[in-house]
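Engineer: sequence plus predicted model, see below.
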Amino acid sequence: MYHIKNDKRCRQSAEAIMDGVAELLTVKNYADITISDIQRVSSVGRATFYRLFDTIDDVVVYKIDNFLMEFLQGYTSKSYKDLCRFMLSMIFTEGEKWLNIVFSGRMDLIVHSMRKRLEAMMSSGQVPRPEEAEYRLAIFTGAAVSLMTAWNENGKKESIDELADIMDRYMDFDALAGQSGA
């Protein structure tokens, strides 16, 4: 779990740690990154790291949570199809370094954050809350992460639009949203 207080120094230290992890992801596999590595590149002490984060996974979850919150603040459509395209573009926009986490077998971190953010969007009415929402949410997030995994395994040849079109062909977004098909 992360413990970032809403104070300038805490946020700056958390940013330095996230930047350190991002830098390390360009030269190391996620599984090989240590807290000592993060200390070295971020210039943040071990005690500060543990005051803000319990584990390296928590750094990633914090980054993903913040990124999703920022990116989805401007999201206005109530369509799951549009949300899929929006989330895929978000992942591409953030860059290759954070995708390393997905491709290192830690997709659970991204699924957790995506589900948490989508749950908040449903609670606020930003996207519809259909019956059996938890199952629909699991299907949506699982499909998006699986799509990204397949994209990586196939050499990352397709664009965002091509990936969104592929997902659109095989997902019934109207059913996912709890609406009758058009």
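Structural biologist: Cool, the structure landed. Note that the structure is a prediction, hence the values are computed from the model and not measured. Numbers count the residues shown, from 1 in each chain.
Engineer: remind me which residues of this protein are low pLDDT?
Structural biologist: 71, 74-75, 77-78, 80, 90-103, 105, 127, 130, 174-182 (pLDDT under 70).
Engineer: now do 90
Structural biologist: Low-confidence segments of the chain (pLDDT under 90): 1-2, 5-6, 22-23, 25-31, 60-182.
Engineer: and the helices in it?
Structural biologist: Taking DSSP state H as the test, the helices found in the chain are 8-25, 35-42, 46-52, 56-72, 80-94, 96-103, 107-123, 133-153, 160-170, 173-176.
Engineer: which one of those lies closest to residue 1?
Structural biologist: helix 56-72 (5.9 Å; Cβ to Cβ). (Glycine included, C-beta is placed from N, CA and C.)
Engineer: relative to residue 2, which of the helices of the chain is closest?
Structural biologist: Residue 2 lies closest, by Cβ to Cβ, to one member of the helices of the chain: helix 56-72, at 4.3 Å.
Engineer: just the buried positions in the closest one, please.
Structural biologist: 56-68, 71-72 (16 or more other Cβ atoms under 10 Å).
Engineer: picking that back up, for the helices of the chain, give me a markdown table that also has distance to residue 2.
Structural biologist: A markdown table is the format used below for the helices of the chain (distance: least, Cβ to Cβ, whole Å):
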| stretch | distance to residue 2 |
| --- | --- |
| helix 8-25 | 8 |
| helix 35-42 | 14 |
| helix 46-52 | 6 |
| helix 56-72 | 4 |
| helix 80-94 | 18 |
| helix 96-103 | 15 |
| helix 107-123 | 11 |
| helix 133-153 | 20 |
| helix 160-170 | 29 |
| helix 173-176 | 30 |
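Engineer: any idea how many residues pack against residue 29?
Structural biologist: When neighbours are defined as other Cβ atoms under 10 Å, residue 29 has 13 of them.
Engineer: my error: substitute residue 141 in the last question.
Structural biologist: 21.
Engineer: that one reaches residue 117, doesn't it?
Structural biologist: No: counting by Cβ atoms under 8 Å, residue 141 stays clear of residue 117, with 9.5 Å between them.
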